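Colleague: Structure for this input, please:
(one chain, ligands or ions: 1)
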Amino acid sequence: MKICNIKEIAEIDSNVLDYMNRKQHEKVVYCSDSSTGLKAIIAIHNTNLGPALGGTRMWAYNNISEATKDVLRLSRGMTYKAAITGLNLGGGKAVIIGDSNNKNDAMMRSFGKFVESQNGQYITAEDVGMSTHDMKVIFEETNHVVGKPIELGGSGDPSVVTAYGVLMGMKGSAKYKWGSDKLENKKVLVQGVGNVGENLIQLLLKENADIYINDVNEVKLNNINKKYNVKIIEKNIFSSDIDIYAPCALGGTLNEKTIPQLKCAIVAGAANNQLAKEYIHDEMLRENNILYAPDFLINAGGLINVYSELKGFSNSQVMKKTENIFDTTISILKKSEKENISTQKAALKIAKEKVFKKHNA
Ligand code: NAD
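Modeller: Sure thing, here's the model as predicted:
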């Protein structure tokens, strides 16, 4: 296994160093292991508040620059997600370059060694393209892994807690916008009925919300429709007549094309990086009088869940901490109004203060 550091890689792409300087990343490490075909990158954005924690994503990136860009962006998001949630964690992320259908245990084992080489400065977890089985194999090579299966002392599937946090963010937003956190008869569109989306639907049913769903996977869509008797919106989802849009599929759905179509009053969902361009589309939503609950604030339930493995929290402590998302959402919305800035900027401002103030103190 060859581990090279950023100084070598900078010769490949000097933009990486500029980006790292601008966004204040601490470190990026590349690993290649020809014996298993592993090509991986670990990015550590910031460790002021604690070790950098963030999942590993396996994706068929077109090239190393694309993978580097993704890992840098995702690791930065983790720093601010942990900070705004009040967790003693830094932000990090890893990517494995390749088709997740072509992975094997030897490759995962090699990746485990790569994580171990960071001496606990980076803690990994499951993300897109990785499975619970992969986590088990990685755990054989390093202790610096969370989100392990329950039988291995882990916290299990995080999506239940993530959905609960999203509900808290949604209710906080409703309270701020409409004066009541009740979602009864509110038309809520859940886009993406996967792990988080389905759990969110279950919670929304208890709130007596009027639920609409959309998914690119027709089989899933029809199954969920039958199981919960909710309504399907197949076409023109962005211009549909709804009160709350909950993006629970992929990122980037809030952009130049979609925002002008939106008729909803609130956007509150689980997907990471919902704003296609962070500092353009946050303002566009504000100009359109649409309340945006920042994704990295309200989808932190999963992170709280894996954090419990490090701290030995009980399930009720996890849920209590996740419930705080309700109050944090309201305080961010108030700050945004008071300072006349977008909700995204208000949330980032608070998170940055926590990360950099503590360090400077
Ligand atoms: P998942 O893969 O289980 O579900 C995603 C669903 O979105 C799938 O059903 C998929 O078919 C659907 N989808 C994909 N593209 C779509 C599109 N263009 N339009 C409509 N539907 C589409 O994933 P998940 O674990 O439920 O996570 C959902 C989102 O929440 C992701 O963006 C993830 O990064 C984010 N998130 C998840 C967690 C967690 O605990 N799982 C935590 C934080 C953030």
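Colleague: Neighbouring strands of the helix or strand hosting K93 in the sheet, and parallel or not?
Modeller: Here K93 sits within strand 90-97, counting by DSSP states H and E. According to DSSP bridges, the neighbouring strands of strand 90-97, each with its direction, are strand 38-46 (antiparallel), strand 52-53 (parallel), strand 56-59 (parallel).
Colleague: Please work out the average pLDDT along the last one.
Modeller: Per-residue pLDDT values over strand 56-59 give a mean of 95.
Colleague: how far off strand 38-46 does the next helix-or-strand element following it point, in degrees?
Modeller: Heading C-terminal from strand 56-59, the first helix or strand you meet, by DSSP H and E, is helix 64-85. For helix 64-85 against strand 38-46, the angle between stretch directions is 40 degrees (axes from the mean of the first three to the mean of the last three C-alpha atoms, to 10 degrees).
Colleague: Give the buried residues for helix 64-85.
Modeller: For helix 64-85, a neighbour-count test (16 or more other C-beta atoms under 10 Å) marks 64, 67-85 as buried. In this view, the C-beta of every residue, glycine as well, is placed from N, C-alpha and C.
Colleague: Assign N305 to helix, strand or coil.
Modeller: The three-state label given to N305 by DSSP: H, G, I helix; E, B strand; the rest coil is helix.
Colleague: Also M20?
Modeller: Per three-state DSSP, the secondary structure class of M20 is helix.
Colleague: Now that it has come up, it's in contact with K69, right?
Modeller: No: the pair M20 / K69 is not scored as a contact, 11.3 Å apart, by C-beta atoms under 8 Å.
Colleague: contacting residues for N15?
Modeller: Listed by C-beta atoms under 8 Å, 6 or more residues apart in numbering, the contact partners of N15 are S65.
Colleague: Quick check, the residue in the stretch 1-150 of the chain closest to the ligand?
Modeller: When distances are taken as C-beta to the nearest ligand atom, the stretch 1-150 of the chain approaches the ligand most closely through V128, which lies 6.7 Å from it.
Colleague: for the residue in the stretch 101-250 of the chain positioned nearest to the ligand, phi and psi?
Modeller: Using C-beta to the nearest ligand atom, the single residue of the stretch 101-250 of the chain nearest to the ligand is G194, 1.7 Å away. Backbone torsions for G194, taken as degrees, to the nearest 10, come to phi -90, psi -150.
Colleague: now do G86
Modeller: Backbone dihedrals for G86, given as degrees, to the nearest 10, come out at phi 80, psi 30.
Colleague: now do G120
Modeller: G120 has phi and psi values of phi 90, psi 0 when expressed as degrees, to the nearest 10.
Colleague: how many neighbours does it have?
Modeller: Neighbour count of G120, defined by other C-beta atoms under 10 Å: 12.
Colleague: Correct me if wrong: it contacts P51.
Modeller: Yes: the pair G120 and P51 passes the contact test of C-beta under 8 Å, sitting 5.8 Å apart.
Colleague: shared neighbours, those two?
Modeller: Common neighbours of G120 and P51 are listed as H144 (criterion: C-beta under 8 Å, 6+ apart).
Colleague: Can you pull up the most central residue in this protein?
Modeller: Against the mean C-alpha coordinate of the chain, by C-alpha atoms, centre = their mean, the closest residue is N272 at 4.2 Å.
Colleague: That one is in what secondary structure piece?
Modeller: Following DSSP H and E, there is no helix or strand that holds N272.
Colleague: again, but for Q118
Modeller: Of the helices and strands defined by DSSP H and E, none includes Q118.
Colleague: ditto for C264
Modeller: Secondary structure here is read from DSSP H and E; on that basis C264 sits in neither a helix nor a strand.
Colleague: Can you give me the end-to-end span of stretch 203-212?
Modeller: End-to-end distance for stretch 203-212: 14 Å, by C-alpha to C-alpha, to the nearest Å.
Colleague: buried stuff in it?
Modeller: For stretch 203-212, burial by neighbour count (16+ other C-beta under 10 Å) applies to L203, L204, E207, A209, D210, I211, Y212.
Colleague: count of residues packed around the closest residue in space to the fifth one that isn't next to it in sequence?
Modeller: Among residues not flanking D210 along the chain, K187 sits closest, at 4.7 Å (C-beta to C-beta, 6 or more residues apart in numbering). Residues within reach of K187, counting by other C-beta under 10 Å, total 18.
Colleague: How about the residues of the chain by the ligand?
Modeller: Among all residues of the chain, those adjacent to the ligand (criterion: C-beta under 6 Å from any ligand atom) are 158-159, 162, 191-197, 214-217, 220, 248-250, 270-272, 299, 302.
Colleague: Going through those, which ones are buried?
Modeller: With neighbours counted using 16+ other C-beta under 10 Å, the residues of the chain next to the ligand contain these buried positions: 158-159, 162, 191-193, 195-197, 214-215, 220, 248-249, 270-272, 299, 302.
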